[in-house]
Every structure is written in C-alpha cells, then in structure tokens.
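A.B. asks: coords please:
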Amino acid sequence: MPRYDDLPYRPCVGVMLINPTGRVFIGRRIGGPEHVDEEHVWQMPQGGIDPGEDAWEAARRELFEETSVRSVEKLGEVAEWLTYDIPRTVAGRAWKGRYRGQTQKWFAARFTGADSEINVASPGDGHKPEFVAWRWEPMRNLPGLIIPFKRPVYQRIVAEFAHLAGN
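C.D. replies: Here you go, the predicted model:
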C-alpha cells in the first residue's frame, strides 16, 4: 500500500444549490468512513468526475444522483480547484485507500424548481441514497455544519459565493 503522503487527490465537483430566497441546500449524510463524528454530518452535494467528463456536467450529474434535481441555472464557479486531506486514520477506508483527499471544482447554481422536485430518499437514476434528510440553510452557517477537515474548503466557497446569498 502506498504511503499516505504519496497518494493522489480524487478529482471531484461540488454544487452550492441556492434557492430563490438565498438559502443553500444541505443534506444529512447517511454515513461513510470520512465522517468521524455525529455532529458534523451535513454537506452540499459533491462527487467524482468520470474520465473525460466536463466539470459542470459532472456537477449536474452528481446533483441529480444525490437529490433528483435537474432544475438549475449555473451562477458561477470557484476559479481554482480546492483541496482537502482526509485524516490519516480514515485514509485506508475511504475510496478503497486510493486517495489522500479530494481536489474539487465548486459551482454555484440557482434552484429553479419546486421543493417537491428534491428527493433524497430515491434519488435520480436509481442511485443509492447518500442523504437521509435535507433542508435549506443560510449560507453563512455552512462551515459550522461540515466535518472539520472540510471546513476550510467550505469557508472559501461561502466567501466566493456570499454575494449570491441575499440574506
């Protein structure tokens, strides 16, 4: 098994889905090895990029696979890729031990549909649910809800997209 420091980052995308009142979708994760406590279990939709896939298209696909949402309008993106490391104690269990963390391209999107479109229990294309609950949250609260090792990324996303919040 490679040394932790030699492992690559998993290329991913993330979506800050913002409703018309400026609140952001967050989902309560079902679980996973990267979640090391029960206090910080909320996150925005995110996931891997398939080989050859455009980052925005990957973001739209991941959003659909986790929430069933298709009604979106792209508002912006963070110019650079944001990176975080997972704790060494978790690295061997997350992503089959192949990655030390993720490098992510983040997008902001306006939700243009009705809340009834959101379905985390039976998400799009028959994907396994990743969230057990969801809600709309003020953007400024997001860094305090995410697992601590992802917090700097969320702080940066909030700073980048704060002008879109409207609250």
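
A.B. asks: May I ask which helix or strand of the chain has the lowest mean pLDDT?
C.D. replies: Of all helical and strand segments in the chain, the minimum by mean pLDDT, DSSP states H and E falls on helix 88-91, at a mean of 76.

A.B. asks: buried ones in that one?
C.D. replies: Under the neighbour-count criterion of 16 or more other C-beta atoms under 10 Å, helix 88-91 has V90, A91 buried. Yep, even glycine has a C-beta here, placed from its N, CA and C like the rest.

A.B. asks: For stretch 95-105, output the C-alpha coordinates as CSV.
C.D. replies: In CSV, the C-alpha atoms belonging to stretch 95-105 read as follows (Å, rounded to 0.1, in the frame of the first residue of the first chain):
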residue,chain,number,x,y,z
TRP,A,95,-12.2,5.3,-1.5
LYS,A,96,-10.6,1.9,-1.0
GLY,A,97,-7.4,3.6,0.2
ARG,A,98,-6.6,5.1,-3.2
TYR,A,99,-6.7,8.8,-2.3
ARG,A,100,-5.4,11.1,0.4
GLY,A,101,-8.3,13.6,-0.1
GLN,A,102,-10.1,15.4,-2.8
THR,A,103,-9.4,18.2,-5.2
GLN,A,104,-12.8,19.8,-6.1
LYS,A,105,-14.2,22.2,-8.6
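
A.B. asks: Surely R60 is in contact with V72?
C.D. replies: Yes. Between R60 and V72 there is a contact under C-beta atoms under 8 Å: 6.8 Å.

A.B. asks: List the residues that are in contact with both of those two.
C.D. replies: Residues touching both R60 and V72 (C-beta atoms under 8 Å, 6 or more residues apart in numbering) are V15.

A.B. asks: Now do the buried residues in the next helix or strand after the least confident helix or strand of the chain.
C.D. replies: Using DSSP states H and E, the helix or strand that follows helix 88-91 in sequence is strand 101-111. For strand 101-111, burial by neighbour count (16+ other C-beta under 10 Å) applies to G101, Q102, T103, Q104, K105, W106, F107, A108, A109, F111.
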